[in-house]
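Enquirer: structure for this input, please:
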Amino acid sequence: MSDTSEPARKGQDFEQTLDRSDSRVAEFDARRHSPIERVQHVLHDNPTLVPVIVLIISLIAFGLIAGGKFFSAFNLSLILQQVSIIGMLAAAQSLIIITAGIDLSVAAIMVLMSVIMGNLAVYMGVPSGIAILVGFAGGAAAGLFNGLLITKIKLPPFITTLGTWSIFYSLLLWLSGAQSIRGTDIDANAPFLKFFGSTIELGGARITLGSLLMVLIFVALWYMLNKTPWGRHVYAIGDDKEAAELSGIRTDRVLVSVYMLAGFVCAVAGWASIGRVGSISPQSFYEGNLQSITAVVIGGISLFGGRGSIMGALFGALIVGVFQSGLRMAGVDVLWQVFAIGWLIIIAVAIDQWIRRVSA
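Expert: All right, here's what the predicted structure looks like:
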């Protein structure tokens, strides 16, 4: 009987030894991580945390520099108004960048669709609602065009959208005759185009419907990316497209849908921009592409794809708005405001590289 129980006891002792060894290895691994490394892993798991911290620090800093007027309800609501259109473009740009692509045509699509809406409603007598729907369809079609060039012809997103930016921009100049549609003409013939320029007075704050629309777009896209299979496929493609294909994801179809959705969001931004500016100008938001990318990068969404929360782009846009407002109140020249934003971009990219390197 002792002969039969001895191997069992040895097996139990061996398993206990392995358990103790595993626990010691785990303890060693835990001790091996320095506080900085633990911070890096936390930031990797919570990419939105960086822009949130930067936004809070920026608010505190400029509140101290500019005084109480910076935190006035009017000024904070003004910041929200100023970033609303770029924020919507950043939402569209985020969808593309999460897939490891980039879209240099988002601003051109937005302005082109606003010109189409304006020409139809103001000059051709088409009901405003129908003109807006045509603009939405046009935005989705422009995104479809980008997506097909990238997925079917296998062109690089950067070069593709750089080319379509020139195409869309030329079309909007041709359709508009390089002339603006005045606000008085819009008021007389199609006032509904300015719907999102309407404001809500709330305790000294003037919140535009366009600002609320921007927040709604971000919430809707966050839900789609985080709570649906489509969103998981988008992240998978950005992380490793080949692996996503091997797992059964129809990557080309998903990519086309992403570009179409981005184009649709740009068209919605085009409608909102009419209310924000009060007129339709072919020259408006000329730097919207770079500004949208700026918001995305500062918001912690990786340019390499597959990582980051779309809500980070919202915080990124707000950070830019806070910096511009705070520096303006502090009497800083516009030149140095651009200088500061440039450093923000460089620092944001450096942090992203730092996080990716350590977590790898």
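
Enquirer: from here on, contacts and neighbour counts on C-alpha atoms
Expert: Fine.

Enquirer: you'd agree Arg206 is in a helix?
Expert: No - counting by DSSP: H, G, I helix; E, B strand; the rest coil, Arg206 is not found in a helix; it is strand.

Enquirer: distance check, it against Ala295.
Expert: From Arg206 across to Ala295, the span is 23 Å (CA to CA, to the nearest Å).

Enquirer: repeat that for Thr99.
Expert: Taking CA to CA, one finds Thr99 at 17 Å from Ala295.

Enquirer: repeat for Leu303
Expert: Counting by CA to CA - Leu303 and Ala295 are separated by 12 Å.

Enquirer: these two: which is more packed in?
Expert: Ala295 (32 against 23; other CA atoms under 10 Å).

Enquirer: ok now do the more buried one, which residues does it touch?
Expert: By CA atoms under 8 Å, 6 or more residues apart in numbering, the residues touching Ala295 are 87, 90, 313-317, 320.

Enquirer: pick the one among those residues closest to Trp336.
Expert: Val320 (13.3 Å; CA to CA).

Enquirer: endpoints of stretch 96-103, how far apart?
Expert: 7 Å.

Enquirer: chain center to that stretch: distance?
Expert: 10 Å (CA atoms, centre = their mean, to the nearest Å).

Enquirer: again, but for stretch 331-348
Expert: Taking mean C-alpha positions (CA atoms, centre = their mean), stretch 331-348 and its chain are 20 Å apart.

Enquirer: buried residues, it. List them.
Expert: Buried positions in stretch 331-348, judged by neighbour count with 16 or more other CA atoms under 10 Å: 337, 341, 344-345, 348.

Enquirer: over to stretch 180-191?
Expert: Applying 16+ other CA under 10 Å to stretch 180-191 flags 181, 183, 186, 189-191 as buried.

Enquirer: switch those residues over to CSV; also include distance to Trp271 and secondary structure.
Expert: Converted to CSV, those look like this (distance: CA to CA, whole Å; DSSP: H, G, I helix; E, B strand; the rest coil):
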residue, distance to Trp271, secondary structure
Ile181, 14, strand
Gly183, 14, helix
Ile186, 12, helix
Asn189, 15, helix
Ala190, 12, coil
Pro191, 12, helix
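
Enquirer: return stretch 348-356 as PDB; C-alpha atoms alone will do.
Expert: C-alpha atoms of stretch 348-356 as PDB (Å, rounded to 0.1, in the frame of the first residue of the first chain):
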ATOM      1  CA  ALA A 348       1.300  63.400 -28.800                       C
ATOM      2  CA  VAL A 349       3.000  61.300 -31.500                       C
ATOM      3  CA  ALA A 350       6.000  60.800 -29.200                       C
ATOM      4  CA  ILE A 351       3.800  59.600 -26.400                       C
ATOM      5  CA  ASP A 352       2.000  57.200 -28.700                       C
ATOM      6  CA  GLN A 353       5.400  55.700 -29.900                       C
ATOM      7  CA  TRP A 354       6.500  55.400 -26.300                       C
ATOM      8  CA  ILE A 355       3.400  53.600 -25.200                       C
ATOM      9  CA  ARG A 356       3.500  51.200 -28.200                       C
END
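
Enquirer: same question for that stretch, mean pLDDT?
Expert: The average pLDDT within stretch 348-356 is 75.

Enquirer: what's the weakest-modelled helix or strand in this structure?
Expert: Every helix and strand of the chain was ranked by mean pLDDT, DSSP states H and E. The lowest is helix 2-32, at a mean of 51.

Enquirer: check which element follows that helix along the chain.
Expert: helix 35-45 (DSSP states H and E).
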